[in-house]
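Colleague: What shape does this take:
(3 chains)
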Amino acid sequence: MRLSDLPRGADAIIDSVNDTASNDPVARRLRELGFVPGEPVRIIATAPLGGDPMAVRIGFTRFALRRTEADRVTVHMAENPA
Amino acid sequence: MHVASMIQIMVTTLVVMACALYWLGRLFPAFGHRYWLGAGTVLRRLHAPARLVAYATRRAGPRARRGCGGCSGCGGPDARQRPHD
Amino acid sequence: MTTLNIALVGNPNCGKTALFNLLTGSRQKVANYAGATVERKEGWFTTPAGRGVRLLDLPGAYSLNATSPDEAVTRDVCAGTYRGEAAPDLLVCVADATNLRLHLRFVLEMRALGRPVVLALNMIDAATRNGMEIDLPRLQAETGMPVIPTVGIKRDGARALLAQLDGTPPPVPTPLPPGTDLHAMVRQILADCVTHTTPLSDRVEERLDRWVLHPVWGPVILVVLLFLMFQAVFAWAQPLMDAIDAGMGLLGQQVGRLLPAGALRSLIVDGVIAGAGSVVTFLPQILILFAWILVLEESGYLPRAAFLLDRLMSFAGLSGRSFIPLLSSFACAVPGIMATRTIQNPRDRLITILIAPLMTCSARLPVYTLLIGAFVPHRTVLGFMNLQGLVLFGLYAAGIVSAVLVALVLRWRNADRREATLLMELPAYRLPNPRDIALGLWERARIFLVRVGTTIVSLTVLLWGLSSFPPPPAGATGPAIDWSLAGRIGHLMLPLFAPLGFNWQICVALIPGLAAREVAVGALATVYSLGSGTDTDQAAAQLGQMLPTHWSLATALSLLAWYVYAPQCVATLAVIRRETTSWRVVAVTAGYLFGLAYLAAFLTYHIVRAL
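Modeller: Numbers count the residues shown, from 1 in each chain, chains lettered A, B, ... in the order given. This is a model prediction of the structure:
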């Protein structure tokens, strides 16, 4: 499933970050910011009025990102929440 | 006319002229730059105190761009000390 | 000893700038990098051993793979390939000790540059407080560079760094093999060197963000904060402002008594004291506004507000990234417009620049306060809201709503298929340091007073000069000022502005008001003070009381509407020119703003008159 599909409060593990086009700068920046396979991620909030953008926690850093950006990240649910 | 009123009129005229020149200098910095350059040369010829000459030369020098200084809203982009970055 | 050339580099939000300020103090120079609109910050200091150091504060970057002009500059300067910049002798890579998982990656990237690097582990105090224990020698060994703890916000927080600079220069770190998984390496280093004694869920951010980012409570908190800000700006400042007002009045009286009647007394009482004095009265209000903005900035709340508002802003065709430049514009549009450099999308950036002047800047406050105070009655609405504060809020809201509409129109005309990216870090919460706030306010007050002392006093003097000469011809009726140069200019402009309900005094005041919005207040004070006869010994700091007897409510509200839109600030137009390098954009901005101002004033005047 994709990061953008997760609801508020969900804990997941990142599988991969996929480019939407060749040399996608957003995907590359996501990887640099820590969205890497095996990293736990938690949805800490979704914005009012539609849930876009969303706020996630990865490592100790919190980021706000659009659903279109989160679409690039595939995840699976974590068994034990962080 | 009284001497007192004459002095008053002279003083006020000088003050108003000074403000006018100040604004001309701000609106047309090239004009101001040439003025201070000239003032520096004249002062040096007249053997004015060194500090005066240094001041005139400094006013004629290129200005580091600190924002625009034209408003009370900022002292340049660095005026606010952001803990981030 | 030769001067050491150092570059400060690091992720955004690592506290680099505080460290820079700590080291260089006021010995800084801000300019631009040659051939770019990226800001260049350079400073100087001497080490305890007496060595001169030149320090460059490079723009924050997440990676050497640059995605913005700022990051490109950082990459090139670090590599020594930026034309016109000397290659740094030493790179000081600053990392936030409480956020190493993110920051260490960039630190490791530094190893590929082949230059001496040290790691400044910043905010080490916050890390200890958060229950983190960091094994410094091991970290040093595993990162391959000297690790130096720093605390950018404490007075001696750079001591270890200075000691390092005086010691033996560090060697160039061995580059990592190409294709090294940096994230995996960071994870390994953290596992080896960092132990946590406080569980993650107890962190301040976790607890606060639960409310601040809540879908319902989040917006409520935001609205409450903004509302409090407006009430504060209007109500809290009042006693201080009244005190200054009275003081000015007293000063005018004393001077009036000391000097014999004549030109000089008029210059000082009607010109300087009335003019500049009436503007100084607003200092408390401006300081309160800035105190709020500073606290909001330093606390780390603003990116969360941007998060909450992003949806609304995208409706207007903007992204949350425009939020901080637009918010800065509430203080002054000039740094706000300069802050748009962080917006990558050129169309978004241009739209943000075009609507920034609509954000009610602090220089409008004196005009708003004067007119609201004089014409809007003291009344409470619904038992607790001050009517005057509400009207002020309404003016701010008008600016914002207009900005949204303008942005919509611009977006409709320039549809852009490109993706709007947000991807923004929500930094740690910080308790605003009272000392920093006080310093910021002191700086703001100083700038304000300097501006009054130079710009406003000189403009008022010039206006006084124009209003006092030439003297009226013999046998003329009416106040002398009608016959002066200023009076004639005002009357000349009148046909253009009469449909708005402006009288000639307002027309005259608008001209120096182009240099600075608040000058209009001083200009009106001078013009009316002169108009009431030069033998009065009251300074027109009582402008607020005098105006309702001269103007109709419709005129006052019309002038307010004019001020919401009119670009009475050449500084803003100048910075737009600098940032966009286009006179066309400046012309379009000035044109549409004056047009809107005229329309709004016209409608307001006639609608209020009809009511």
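Colleague: Which single residue of chain C ends up nearest chain B?
Modeller: C:Cys332 (1.8 Å; C-beta to the nearest C-beta). In this view, the C-beta of every residue, glycine as well, is placed from N, C-alpha and C.
Colleague: Confirm for me that that residue is in contact with C:Ser362.
Modeller: Yes - with contacts counted by C-beta atoms under 8 Å, C:Cys332 reaches C:Ser362, the gap being 6.2 Å.
Colleague: Who are the packing partners of the helix or strand of chain A with the lowest mean pLDDT?
Modeller: Lowest on mean pLDDT, DSSP states H and E among the helices and strands of chain A sits helix A:25-32, with a mean of 86. Counting by 3 or more C-beta pairs under 8 Å, 6 or more residues apart in numbering or on different chains; DSSP states H and E, the packing neighbours recorded for helix A:25-32 are strand A:11-17.
Colleague: Now for residue 33: which residues touch it?
Modeller: All of this refers to chain A. A:Ile58, A:Thr61, A:Phe63, C:Tyr62, C:Leu102, C:Leu423, C:Glu425 (C-beta atoms under 8 Å, 6 or more residues apart in numbering or on different chains).
Colleague: I was after chain C.
Modeller: C:Glu39, C:Arg40, C:Val73, C:Tyr82, C:Gly84, C:Glu85.
Colleague: One more pass at 7 Å, please.
Modeller: C:Tyr33 makes contact with C:Arg40, C:Val73 under the criterion C-beta atoms under 7 Å, 6 or more residues apart in numbering or on different chains.
Colleague: How about C:Val280: what's its closest non-neighbour residue?
Modeller: C:Val452 (5.7 Å; C-beta to C-beta, 6 or more residues apart in numbering or on different chains).
Colleague: confidence score at that neighbour?
Modeller: Listed pLDDT for C:Val452 reads 81.
Colleague: Wait, it touches C:Ala276, no?
Modeller: Yes - between C:Val452 and C:Ala276 there is a contact at 5.3 Å, judged by C-beta atoms under 7 Å.
Colleague: Could you give me the buried positions within the longest helix anywhere in chain B?
Modeller: For chain B, the helix reaching the highest residue count under DSSP state H is reported as helix B:3-27. Buried residues in helix B:3-27, counted by 16 or more other C-beta atoms under 10 Å in any protein chain shown: B:Gln8, B:Thr12, B:Val15, B:Val16, B:Cys19, B:Tyr22, B:Trp23, B:Gly25, B:Arg26.
Colleague: pretty sure the fifth one is touching C:Thr460, no?
Modeller: Pointing back at B:Cys19 there. No - between B:Cys19 and C:Thr460 there is no contact under C-beta under 7 Å: 8.7 Å.
Colleague: Might you enumerate the residues of the stretch 51-200 of chain C proximal to chain A?
Modeller: C:Tyr62, C:Ser63, C:Asn65, C:Thr67, C:Thr98, C:Asn99, C:Arg101, C:Leu102, C:Arg105, C:His183, C:Leu200 (C-beta under 7 Å from any C-beta of the partner chain).
Colleague: just the buried members of these?
Modeller: C:Tyr62, C:Ser63, C:Thr67, C:Thr98, C:Asn99, C:Arg101, C:Leu102, C:Arg105, C:His183.
Colleague: Show me those residues that map onto helices.
Modeller: C:Arg101, C:Leu102, C:Arg105, C:His183.
Colleague: Tell me the one among the residues of the stretch 51-200 of chain C next to chain A nearest to C:Ala356.
Modeller: C:Thr67 (23.7 Å; C-beta to C-beta).
Colleague: Pretty sure that closest one sits against A:Pro25.
Modeller: Yes - C:Thr67 lies in contact with A:Pro25 (C-beta under 7 Å); the separation is 5.2 Å.
Colleague: Distance of C:Ala274 relative to chain A?
Modeller: Distance from C:Ala274 to chain A, counting by C-beta to the nearest C-beta, to the nearest Å: 49 Å.
Colleague: Which one of the residues in chain A is closest to chain B?
Modeller: A:Thr61 (13.0 Å).
Colleague: who in chain A is up against chain C?
Modeller: So chain A meets chain C at A:25-26, A:28-29, A:32-34, A:36, A:44-50, A:52-53, A:55, A:59-66, A:68-69, A:82 (C-beta under 7 Å from any C-beta).
Colleague: Can you flag the buried ones in those residues?
Modeller: Buried among the residues of chain A next to chain C by 16+ other C-beta under 10 Å: A:26, A:29, A:32-34, A:36, A:44-48, A:52-53, A:55, A:59-66, A:68-69.
Colleague: Show me the residues you listed that map onto strands.
Modeller: A:Ile44, A:Ala45, A:Thr46, A:Ala55, A:Thr61, A:Arg62, A:Phe63, A:Ala64, A:Leu65 (DSSP state E).
Colleague: now these in CSV, with pLDDT?
Modeller: Formatted as CSV, those follow (pLDDT from 0 to 100):
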residue, pLDDT
A:Ile44, 91
A:Ala45, 91
A:Thr46, 90
A:Ala55, 93
A:Thr61, 86
A:Arg62, 90
A:Phe63, 92
A:Ala64, 91
A:Leu65, 90
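Colleague: what's the farthest-apart pair in the residues you listed?
Modeller: A:Thr46 and A:Thr61 (18.0 Å).
Colleague: Got phi/psi on C:Ile6?
Modeller: phi -120, psi 140 (degrees, to the nearest 10).
Colleague: Stretch C:293-300 vs chain B: in contact?
Modeller: Yes - residues of stretch C:293-300 contacting chain B under C-beta under 7 Å from any C-beta: C:Glu297, C:Glu298.
Colleague: and that stretch, does that touch chain A?
Modeller: No - applying C-beta under 7 Å from any C-beta, one finds stretch C:293-300 separated from chain A by no less than 10.3 Å.
Colleague: mind showing which ranges of the chain have poor pLDDT?
Modeller: No chain was given, so I picked chain A. Applying pLDDT under 70 to chain A flags the ranges A:80-82.
Colleague: wrong one, I was asking about chain C
Modeller: Those would be C:1, C:37, C:198-202, C:415-420, C:472-479, C:531-541, if you go by pLDDT under 70 across chain C.
Colleague: Spell out which residues of it are next to chain A.
Modeller: C:62-63, C:65, C:67, C:98-99, C:101-102, C:105, C:183, C:200, C:205, C:209, C:213, C:215, C:218-219, C:307-308, C:310-311, C:320, C:419, C:421-426.
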